[in-house]
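>>> Got a predicted structure here, sequence first:
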Amino acid sequence: MLNDTVRQQQGLGAMDDTATMAREFSPVERQALDHVWIHSARWLDLAERDGLRVMVRGEGCRLFDAQGRSYLDGLSGLYVVNVGHGRAEIGEAMAKQARELAYVSAASYTNLAAVQLGDVLAGLTPGDLNRFFFCSGGSEAIESAMKIAKQVQAMRGYPKRYKIIARRGGYHGATFGAMSITSSRSEKFFGPFMYGVSFVPSPNRYRNDFGVEGEAGDLLCAEAIEQEILAQGPDTVAAVIGEPVSVSNSNHVPSPRYWQRVREICDTHGVLLIMDEVINGFGRTGTMFATEQFGVVPDLMTMAKGLSSGYAPIAAVAVGEALFDEFKKQDVALAHLLTFGGQAVSCAAALKNIEILQREELPQRSAQQGKYLLGLLQELRPHPTVGDVRGLGLMCAVELVKDKATKEPFGFGPGAASHPYIRRLLELMEERGLLTRVFMALQLCPPLVVSKDEIDQMVTTVDESLSLAEREFGFA
Ligand SMILES: Cc1ncc(COP(=O)(O)O)c(C=O)c1O
């Protein structure tokens, strides 16, 4: 039982020892409460706030829970299920692969599905990104990309080039290295972090670090990367990393000139460029990869989530020919091995998923439906707590503020999620059957198969929930 101070901090009323939980739980929900550690949920949110959802089925953009309730999935799970839920043909492809061959050692061999997937991906990724290091999730892809970058730098004769420059507000994963380059890392619980990481401003057209608007503000963020490389000493920096459009930084879309300038700066100083397409990739922003829209080819590109649309855990690092050539030339192995890298059933799921993305032209659909969604969301601007609306493809965000004039936020980064207003807004949307995520911004990133009717329903629910929450909290 939590003491009243903690309860107050979490926006809950006082509770005595005899208080009961919010609702009756079914046996499966009781088991979930007793045995499953839902990753970033707090116990009280699950047990008392009616936040526990045991999902049993999905179809297109809809999810169904153990209570028989139905929801619109406004976040594609967690920016994952690009082809939508319930694709039987992916399940069949996985079953066929499992029957034939599920696993061979990632240390010594590969398998047919992994080879086919590498070949298909090489045809989709930009430039010379033709070599794929397979792993199981986004964080592993990030760890792998950093290790490849560091080893290449050492093999090129720069063993002191080990530092990584990341961007403020960026998120790259939860394992130790990935967390270390994530700016919302928890010093209190996990510090000290990996040594040699620094953070620079990220493009932000709403609250630019330099107070400069538009493309000029983006370009100052690029120049800040060069200043940081010079400040650290170019011969100590291995790589710069960033998402083409940063979702953790609430979907600010930079000018292509930003990424082109970052590419130039990296080339000038012998620094490798890692672009993190874990969320952006596989049609989310309206093209297969977001890098295409910025006209740059990174040295390394990480991908996960939409690679299999969540039907199986799989991720990859796409590596440029020039980097892999170092390993060929020097006949050295990468000092890095992940048991499940290239697992055959996961590769089969990814192959079928990519076939669907292409057959149904889902990246193009993401661009079209994304425009429609963004247009409707723009109409929410008159709300007293809506500060900004932006996005690219089906990756849209509504930034929420306490005060439009001062742009005062409800909190920073994921911290904003614990503000009572934000919590209430999320609760109101869930009660109305819309699942999404709200930190500094409310995210709408549905499966790429979303229909106009479903988009209408989502935006109507957001509109109603904003009105109710604003009235309850005295904003309207
Ligand atoms: C941009 C980005 N990179 C990396 C990751 C880490 O991926 P995973 O959670 O699969 O480890 C995430 C997760 O959300 C992400 O958003």
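Perfect, thanks for sending it. Numbering: from 1, shown residues only.

>>> Quick check: chain neighbours aside, which residue is closest to residue 241?
residue 274 (4.3 Å; C-beta to C-beta, 6 or more residues apart in numbering). (C-beta placed from N, C-alpha, C; glycine too.)

>>> With residue 207 instead?
residue 407 (6.0 Å).

>>> Wait, the one you found touches residue 401, no?
Yes - between residue 407 and residue 401 there is a contact under C-beta atoms under 8 Å: 5.4 Å.

>>> Quickly list what's touching both of these two.
residue 387 (C-beta atoms under 8 Å, 6 or more residues apart in numbering).

>>> gap between residue 75 and residue 438?
For residue 75, the distance to residue 438 (C-beta to C-beta, to the nearest Å) stands at 10 Å.

>>> rewinding a little: got a pLDDT number for the residue nearest to residue 207?
pLDDT for residue 407: 97.

>>> who's in contact with it?
Contacts of residue 407 by C-beta under 8 Å, 6+ apart are 206, 207, 387, 401.

>>> ok, which of these also contact the ligand?
Applying C-beta under 6 Å from any ligand atom to these, one finds that nothing falls near the ligand.

>>> in a strand, that's where residue 130 is, yeah?
Yes - applying DSSP: H, G, I helix; E, B strand; the rest coil, one finds residue 130 inside a strand.

>>> Which phi and psi values does the one residue in the chain that gets nearest to the ligand adopt?
At 2.1 Å from the ligand, residue 138 is the closest residue in the chain, using C-beta to the nearest ligand atom. Here is the backbone geometry of residue 138 (degrees, to the nearest 10): phi -60, psi -40.

>>> Let me know the secondary structure of the most centrally placed residue in the chain.
Nearest to the mean C-alpha position of the chain, by C-alpha atoms, centre = their mean, lies residue 279 at 4.1 Å. For residue 279, the assignment made with three-state DSSP gives coil.

>>> Can you give me the neighbour number for the closest residue to it other than its chain neighbours?
Excluding the flanking residues, the one nearest residue 279 by C-beta to C-beta, 6+ apart is residue 79, at 4.4 Å. Residue 79 is flanked by 23 other residues according to other C-beta atoms under 10 Å.

>>> Name all residues that make contact with residue 79.
So residue 79 contacts 247, 279, 284, 305, 306, 395, 445 (C-beta under 8 Å, 6+ apart).

>>> By mean pLDDT, which helix or strand of this protein comes out lowest?
Across the helices and strands of the chain, mean confidence by mean pLDDT, DSSP states H and E is lowest for helix 4-9: a mean of 54.

>>> Quick check: what element follows that one along the chain?
helix 27-35 (DSSP states H and E).

>>> Let me see the mean pLDDT of that following helix.
94.

>>> Repeat that for stretch 92-111.
Rounded mean pLDDT across stretch 92-111 is 97.

>>> SS state for the nearest residue to residue 413 once chain neighbours are set aside?
In space, and not counting its chain neighbours, residue 413 is closest to residue 184: 4.5 Å by C-beta to C-beta, 6+ apart. What three-state DSSP gives for residue 184 is coil.

>>> how near is residue 184 to residue 251?
16 Å.

>>> Return the residues in contact with residue 425.
400, 438, 442, 465, 466, 469.

>>> same deal with residue 408?
Residue 408 touches 401, 402, counting by C-beta under 8 Å, 6+ apart.

>>> So which bits of the host helix or strand of residue 98 are buried?
Using DSSP H and E, residue 98 sits in helix 88-100. Buried residues in helix 88-100, counting neighbours by 16 or more other C-beta atoms under 10 Å, are found at 90, 93, 94, 97.

>>> Please name every helix or strand in contact with it.
Judged by 3 or more C-beta pairs under 8 Å, 6 or more residues apart in numbering; DSSP states H and E, helix 88-100 is in contact with helix 344-359.

>>> near the ligand at all, the helix it packs on?
No - legend: contact between helix 344-359 and the ligand by C-beta under 6 Å from any ligand atom is lacking; minimum distance shown is 12.8 Å.
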